[in-house]
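S.K.: The following comprises the amino acid sequence and a computationally predicted model.
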Amino acid sequence: MNKNLWLLILSQVFGFTAANVTVFLSGIIGSQISPIKSLSTFPPSIYVVGIALSTIFAAKIMSIIGRKLGFVLASIGSTLACLLAAFAILNKNFTIFSLACFFLGTGMAFIHQYRFAAAESVEKQKAPKAVSMLLLAGIVSAFIGISLANYTKNLVSDHIYVGSYLALACFTIMPAIFLSFYKNINIQDNKNSINKDVRSYKEFISDPKFLQAMFSATFGYVVMAFLMTATPISMHYIHNISVDKVGIVIQFHVLGMFLPSLITGNLINKYGPSKMMYAGTFFYFLTIIMSIFEPNFLNYFISLILLGIGWNFLYISGTSLLVTTYQEHEKFKAQGFNDLVVFSATALGSLSAGILISLTSWKIINFMCIPFIILILVSIIRADRKYNKLEQT
């Protein structure tokens, strides 16, 4: 542990609340203020689009001004986006609310870079544990974020959920305070690295290990976001399960996403990223099997916990493997490219979730995830076979 890692963990606790509240509330708010009901899941989807479109921008900005200033400015921007969302809900303006969700996604693109900053703050062999510790902070974030949104939703009388975003603004500003004490690497080193030879995107994806890391994170995130985005709509509007129970399911889903981080880093160091990726796909298959049974509260509860565990194994393993596949002077390009692919694909999955759940069923959209899991498995097998052959020769 060091100061930078502690500051990132504290910032994750408060900053990541924006993601939890957006997933929990934006679809519900969208259904209340949207002029077209089929667009109810547009706000959480445009939030993911905001992440996707901002990943390269976030990496480029920090390669120039450094992580510290980039993270602080992103925190301030997220707070302004929360205030914009509160204004939109107060005036029942769907367009402005969607815009606020997009800007929250932009801020989240910077927060997703915390994991790379955490990996860089320790020796490479300790990177899996550093990333795990950072993501473990998501447990606290999930519970305080969703609890905050529920407890403050009636803060402004006759305007439900305005108070939720006003309270969220108080949380999203906290990383700006914490990270003002972050020790930046030499910005001049970042500028000098631009002049060094950096592989092209085609060369990055021609490396089986890079592709394996990217596929694990990408399709692991796609499946998780696809099912998580559909969950509130499926539970509340299709199966008439209360909003409070939806909140419990989302909270424990996020618990499943982050609690395994207590051991994931150690397991990766012991068994390697590939075996942990296999374990992640196993939990995803269990999630799909659960969809065969009656779609009641208990079914959703168990399914979303399994989904969270699978995501944890795939995402941390992918990140831990990725940081070993590039040189120091390539890191911003590699990280930005990886996150662009991860969150662009996730955005498509999230955008399609609302439409597909209304046209099909919970079971069918679960079975739609099988091809993505197969792609992860193929990438693991391909990379392991190639590197096993190289080791033998």
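M.R.: Sure, I can see it.
S.K.: Show me which helix or strand of this structure is least confident by mean pLDDT.
M.R.: helix 187-194 (a mean of 51; mean pLDDT, DSSP states H and E).
S.K.: Now the element after that helix, going C-ward?
M.R.: Of the helices and strands lying after helix 187-194 in sequence (DSSP states H and E), the nearest is helix 201-205.
S.K.: Can you give the distance from that following helix to the centre of its chain?
M.R.: 23 Å (C-alpha atoms, centre = their mean, to the nearest Å).
S.K.: quick one: average confidence on that helix?
M.R.: For helix 201-205, mean pLDDT rounds to 91.
S.K.: Okay, buried residues for it please.
M.R.: By 16 or more other C-beta atoms under 10 Å, the buried positions in helix 201-205 come out as residue 204. For every residue, glycine as well, the C-beta is placed using N, CA and C.
S.K.: what does stretch 358-375 give?
M.R.: Residues of stretch 358-375 classed as buried: 358, 362, 365-366, 368-369, 372-373 (neighbour count, 16+ other C-beta under 10 Å).
S.K.: Tell me the one of the residues you listed nearest residue 56?
M.R.: Each of those was checked against residue 56 using C-beta to C-beta; the closest is residue 372, at 23.0 Å.
S.K.: Tell me who's in contact with the closest one.
M.R.: 219, 222-223 (C-beta atoms under 8 Å, 6 or more residues apart in numbering).
S.K.: go on, residue 117?
M.R.: Going by C-beta under 8 Å, 6+ apart, the list of residues near residue 117 reads 4, 8, 67, 71.
S.K.: Mind listing what's buried along stretch 229-241?
M.R.: Buried, per 16+ other C-beta under 10 Å, within stretch 229-241: 229-237, 241.
S.K.: Same question for stretch 27-40.
M.R.: So, applying 16+ other C-beta under 10 Å, buried residues of stretch 27-40: 27-31, 33-34, 39-40.
S.K.: before we move on, back to that, restricted to helices, list the buried residues of stretch 358-375.
M.R.: 358, 362, 365-366, 372-373 (DSSP state H).
S.K.: Is it possible to get a markdown table of the buried residues of stretch 358-375 that adds pLDDT?
M.R.: Output for those, formatted as a markdown table (pLDDT from 0 to 100):
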| residue | pLDDT |
| --- | --- |
| 358 | 82 |
| 362 | 92 |
| 365 | 94 |
| 366 | 95 |
| 368 | 96 |
| 369 | 96 |
| 372 | 96 |
| 373 | 97 |
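S.K.: JSON lines for those, including distance to residue 295?
M.R.: Shown next, in JSON lines, are the buried residues of stretch 358-375 (distance: C-beta to C-beta, whole Å):
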{"residue": "358", "distance to residue 295": "14"}
{"residue": "362", "distance to residue 295": "5"}
{"residue": "365", "distance to residue 295": "11"}
{"residue": "366", "distance to residue 295": "10"}
{"residue": "368", "distance to residue 295": "16"}
{"residue": "369", "distance to residue 295": "16"}
{"residue": "372", "distance to residue 295": "21"}
{"residue": "373", "distance to residue 295": "21"}
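S.K.: Looking at those residues, spot the one nearest residue 114.
M.R.: residue 372 (25.3 Å).
S.K.: So what's the residue count around residue 121?
M.R.: 22 (other C-beta atoms under 10 Å).
S.K.: State the distance from the residue nearest to it when sequence neighbours are not counted to residue 316.
M.R.: In space, residue 121 comes closest to residue 4 once its chain neighbours are excluded; the distance is 4.3 Å by C-beta to C-beta, 6 or more residues apart in numbering. To residue 316, residue 4 is 19 Å away according to C-beta to C-beta, to the nearest Å.
S.K.: Excluding covalently adjacent residues, which one is nearest to residue 266?
M.R.: Closest residue in space to residue 266, ignoring its immediate chain neighbours: residue 129 at 6.7 Å, by C-beta to C-beta, 6+ apart.
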